[in-house]
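**Student:** next one to model:
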Amino acid sequence: MCNNTHFVTSFLLAGLLSSLLCTPLSSSAGNQMTPGDPMVKITTMPTTLDLNKTMAKISADVVKETGLPETFVTYYWQFFQDMYCPGCEKAGVKEVVFIDLYTPGFLDSKDRQIFMTSLAKAIATHTPYGIKDIYLHTHIAEKDQLFIMGDIITNWKQVGGPDDGSDIK
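**Tutor:** You can find the predicted model right below:
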């Protein structure tokens, strides 16, 4: 007859061992993705751009600006079927580029801002979209983690909200 304590202990040890063996680790050369590496999801209306070539150019520019190894960032591009953005027209934005940036914990505020700005500039350089067409957020869309109308948002007054008096730089 099996003792419940031995069963639970064995189960927990097996779980711990399998989680350690299945967790991807970063290589010393920095060439393997880890669960916390940045991921960039770009979404637009359908385009005729050669997206593989375009994303490679964007990636090369981001690497130059941030110093992150190219293998640390995954890019993917998808399309909206339709989009309704009444605020975009009012702001003079004709074609919106929405970017979800999943940022890892190893990027501090300054590094995140450099990453966001270099990404937006690279997209504006290598696509027909302008810098003000880009709406970039870190999936939680808080101050210091939003890039709208060509700038990182540090005070809600930048986008028509109340002046909260706390510009983050």
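**Student:** ok, which stretches of the chain are strands?
**Tutor:** With strands called from DSSP state E, the chain shows them at 39-44, 74-79, 97-102, 134-137, 146-148, 151-152.
**Student:** so what's His150 up against?
**Tutor:** Check again: residue 150 is Gly, not His. Shown here is Gly150, whose contacts under the criterion CB atoms under 8 Å, 6 or more residues apart in numbering are 120, 131-132, 134. Quick note: C-beta positions are derived from backbone N, CA and C, even for glycine.
**Student:** mind listing which of the residues you listed are in helices?
**Tutor:** When helices are assigned by DSSP state H, the members of those inside them are Ala120.
**Student:** which one of the contacts of Gly150 is nearest Ala56?
**Tutor:** For these, the residue nearest Ala56 by CB to CB is Ala120; the value is 17.3 Å.
**Student:** any idea how far Glu89 is from the residue sitting nearest the centre point of the chain?
**Tutor:** The geometric centre of the chain, computed from its C-alpha atoms, lies nearest to Leu101 (CA atoms, centre = their mean), at 1.4 Å. For Leu101, the distance to Glu89 (CB to CB, to the nearest Å) stands at 25 Å.
**Student:** need the contact list for Lys132.
**Tutor:** Applying CB under 8 Å, 6+ apart, one finds that Lys132 lies in contact with 91-93, 149-150.
**Student:** want to throw the contacts of Gly150 into JSON lines with distance to Lys57 and pLDDT?
**Tutor:** Shown next, in JSON lines, are the contacts of Gly150 (distance: CB to CB, whole Å; pLDDT from 0 to 100):
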{"residue": "Ala120", "distance to Lys57": "14", "pLDDT": "96"}
{"residue": "Ile131", "distance to Lys57": "16", "pLDDT": "93"}
{"residue": "Lys132", "distance to Lys57": "20", "pLDDT": "90"}
{"residue": "Ile134", "distance to Lys57": "16", "pLDDT": "92"}
